[in-house]
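Engineer: Test case, fold it:
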Amino acid sequence: MKIKDRIALYFTLISTSMLFAVLCVVYFTFMKFLEADFFERLTDRTMVTAKLYLEADEISRDALNDVRHKYLQKLNGEVTRIYDYKNRATFIGDTTQYWTKATIDQVRKRKQIKYTDGERQVVGIYYKDNQGDFVILASASDQGSHNRLTKLLRIMIFVFIIISLVVLILSRWIAEKMLKPLKKFMLEVKQIGSENMEFRVEETDTKDEINLIAKSFNHLMNELEQAFILQKTFVANASHELRTPVTRIMMATELALSKNRDAEAYQKVIYSILDDAEKMDHIITGLLTLARMDMELLNAQLSPIRLDQLLFKIQAEWKQRKNLTIEFVNDLSEAHPQVLANEILLQIVLDNIFSNAFKFSNQQNVGCKLTQSDENFVIEIIDQGPGIPLMEQEEVFKPFYTRSAAVGQKGEGMGLYMAQKIITLFKGKIEIFASNEYKSVFIISIPQL
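Structural biologist: Here you go, the predicted structure:
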């Protein structure tokens, strides 16, 4: 059963149950009211009977006739008896013993009784007169009240059915209206596939549960999209970078097996295979480092960072560990230059660039300048190396691209790629000063806090 049908059913059951309870209370209250009213009428009947027959000698004839015409309208199935001290019926002219001696004695004992006998109601009173002590009992069937209750019951059943149908229809309409955003959400979710992981469901300004689900779903999609991108990137990089050394190994092996060779030739092939295997090991290490770095970027927590303090810290660490000098210049007029970043990741960026600067300048001093431009803080890192050719300046930020072999150094080509990804996370940018042919100038811009 659909949610909207369940909501409509539950709402209808609750509403109709409450309506049924109210109607039952009204019905039984009205029934008790009519019953009590008829008992009062029977009680008045017994009192009038006492006045007419026991005290008729004490009132005028006109008063007696007036009482008879006003109060002695015959009730349905009415039976009235007056019993003397010997429990004999008297005065009325019908001497039939209608009630038992036990009932009459009970009236004498309790002075007044009221009870229901089947469809009839009975009232009895004890009346003391100068002619003696009497018991007056009256009984009648309240057919008029029964007819009213029957009509009331029919009306209530009709009203109950009509209101139940109206409530069911309205509850379905309300449930469908309430769940309309959820239906829209489901239709939007169906549009998401592997080819459009960037798609997001619509969020509103309301604070209801459906909007919270949409926000949680979009957050989940962000995580899934990043994981999907990481997977695709990892697979693409692995297939691209590992293909070359694997191909060389296969070619060298096939060439060695094509004919018999001396031991020295086989040794050269094995050394070649070993060299390619080492390159594969470096590539795999770089890929794993890249994947781990991507996960760290996803989970990075940003906080205010003092750039000047971080640069002083990095300067001291390079001097202490490698005995290499970073010539730091702070050209800021602001006393506390802060950016929103992750200190560990930002230090990884700067250490990678400083490492490249020392490596390509043969461990010469590296300059570092902190300035401000518009709403950004700018870090310039200047080395004394040969510089990067203009044609290669865009390539250095690609994964596994390295110029280390040109200067007799080792490298996997991952440092600048990760540096650019991290700076992008901080809403900044990293670029190379393109007009200088004799040295490399890396410029890092990060929005100020």
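Engineer: use CA for all of it now, contacts and neighbours both
Structural biologist: OK.
Engineer: Do a quick rundown of the helices in this protein.
Structural biologist: Taking DSSP state H as the test, the helices found in the chain are 3-54, 61-71, 101-110, 143-178, 180-190, 209-257, 263-298, 307-322, 343-360, 415-425.
Engineer: Please name the bridge partners of Tyr83.
Structural biologist: Judged by DSSP bridges, the bridge partners of Tyr83 are Ala89, Val135.
Engineer: winner for burial among the helices of the chain?
Structural biologist: Ranked by mean neighbour count, the helices of the chain are led by helix 415-425 with a mean of 20 (mean count of other CA atoms under 10 Å).
Engineer: which strands and helices sit next to that one?
Structural biologist: With contacts defined as 3 or more CA pairs under 8 Å, 6 or more residues apart in numbering; DSSP states H and E, the packing partners of helix 415-425 are helix 263-298, helix 343-360, strand 429-432.
Engineer: try it again with 10 Å
Structural biologist: Under the contact criterion of 3 or more CA pairs under 10 Å, 6 or more residues apart in numbering; DSSP states H and E, helix 415-425 touches helix 263-298, strand 338-341, helix 343-360, strand 429-432, strand 441-447.
Engineer: low pLDDT regions in the stretch 101-250 of the chain?
Structural biologist: Within the stretch 101-250 of the chain, the ranges that satisfy pLDDT under 70 run 194, 226-227, 229-242, 244.
Engineer: Find the residue closest to Leu310 in space, skipping its chain neighbours.
Structural biologist: Gln347 (7.6 Å; CA to CA, 6 or more residues apart in numbering).
Engineer: where does the one you found land on pLDDT?
Structural biologist: At Gln347, the pLDDT value in this model is 85.
Engineer: Next: Lys313.
Structural biologist: So, for Lys313, pLDDT stands at 90.
Engineer: mind listing what it touches?
Structural biologist: Leu307, Gln347 (CA atoms under 10 Å, 6 or more residues apart in numbering).
Engineer: And Met186, by the same measure?
Structural biologist: Lys180, Val201.
Engineer: from here on, count from 38
Structural biologist: Fine by me, first position is 38 from now on; the one you just mentioned is Met223.
Engineer: distance of it from Glu239?
Structural biologist: Distance, Met223 to Glu239, by CA to CA, to the nearest Å: 11 Å.
Engineer: same deal with Ser295?
Structural biologist: 64 Å.
Engineer: Counting neighbours, go ahead and name the busier of these two.
Structural biologist: Between Ser295 and Glu239, counted using other CA atoms under 10 Å, the more crowded position is Glu239 (13 against 9).
Engineer: who are the neighbours in contact with the more buried one?
Structural biologist: Contacts of Glu239 by CA under 10 Å, 6+ apart are Pro218, Lys221, Phe222, Glu225, Asn248, Ala251, Lys252, Asn255.
Engineer: repeat that for 6 Å
Structural biologist: Listed by CA atoms under 6 Å, 6 or more residues apart in numbering, Glu239 has no contact partners.
Engineer: With Phe171 instead?
Structural biologist: Phe171 touches Tyr120, Asp121, Tyr164, counting by CA under 6 Å, 6+ apart.
Engineer: Can I get those residues in CSV including neighbour count?
Structural biologist: As requested, the contacts of Phe171 are exported to CSV (neighbours: other CA atoms under 10 Å):
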residue, neighbour count
Tyr120, 21
Asp121, 18
Tyr164, 21
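Engineer: Please measure how far the first residue of stretch 164-175 sits from its last one.
Structural biologist: Stretch 164-175: ends 13 Å apart by CA to CA.
Engineer: how deep is the nearest residue to Pro484 once chain neighbours are set aside tucked in, by neighbour count?
Structural biologist: Setting aside the residues directly before and after it, Pro484 is nearest to Asn413 in space (CA to CA, 6+ apart), at 4.2 Å. Asn413: 17 surrounding residues under other CA under 10 Å.
Engineer: Please determine how far Asn413 is located from Ile481.
Structural biologist: Counting by CA to CA - Asn413 and Ile481 are separated by 10 Å.
Engineer: if we can go back for a sec, could the helices of the chain be laid out in JSON lines, adding distance to Gly424?
Structural biologist: Listed next are the helices of the chain as JSON lines, based on distance: least, CA to CA, whole Å:
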{"stretch": "helix 40-91", "distance to Gly424": "67"}
{"stretch": "helix 98-108", "distance to Gly424": "126"}
{"stretch": "helix 138-147", "distance to Gly424": "123"}
{"stretch": "helix 180-215", "distance to Gly424": "65"}
{"stretch": "helix 217-227", "distance to Gly424": "51"}
{"stretch": "helix 246-294", "distance to Gly424": "26"}
{"stretch": "helix 300-335", "distance to Gly424": "24"}
{"stretch": "helix 344-359", "distance to Gly424": "22"}
{"stretch": "helix 380-397", "distance to Gly424": "8"}
{"stretch": "helix 452-462", "distance to Gly424": "15"}
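Engineer: Gly404: which of these is closest?
Structural biologist: Closest of those to Gly404 is helix 380-397, at 9.3 Å (criterion: CA to CA).
Engineer: Mind listing residues that contact that closest one?
Structural biologist: Asp420, Gly422, Gly452, Ala456.
Engineer: Next: stretch 189-204.
Structural biologist: With CA under 6 Å, 6+ apart as the test, stretch 189-204 has contacts from Thr49, Thr53.
Engineer: cool, and stretch 240-259?
Structural biologist: Here stretch 240-259 has contacts from Arg237, using CA under 6 Å, 6+ apart.
Engineer: got a list of what Thr408 touches?
Structural biologist: Asp368, Leu369, Phe414, Val415.
Engineer: what are the bridge partners for it, then?
Structural biologist: Under the criterion used (DSSP bridges), Thr408 bridges to Val415.
Engineer: And it, how far from Gln485?
Structural biologist: Here the criterion is CA to CA. By it, Thr408 lies 11 Å from Gln485.
Engineer: Quickly list what's touching both of these two.
Structural biologist: Phe414.
Engineer: returning to that earlier point: and the contacts of Thr408, which of them are buried?
Structural biologist: Phe414, Val415 (16 or more other CA atoms under 10 Å).
Engineer: Make CSV from the contacts of Thr408 and add pLDDT to it.
Structural biologist: Formatted as CSV, the contacts of Thr408 follow (pLDDT from 0 to 100):
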residue, pLDDT
Asp368, 86
Leu369, 84
Phe414, 93
Val415, 93
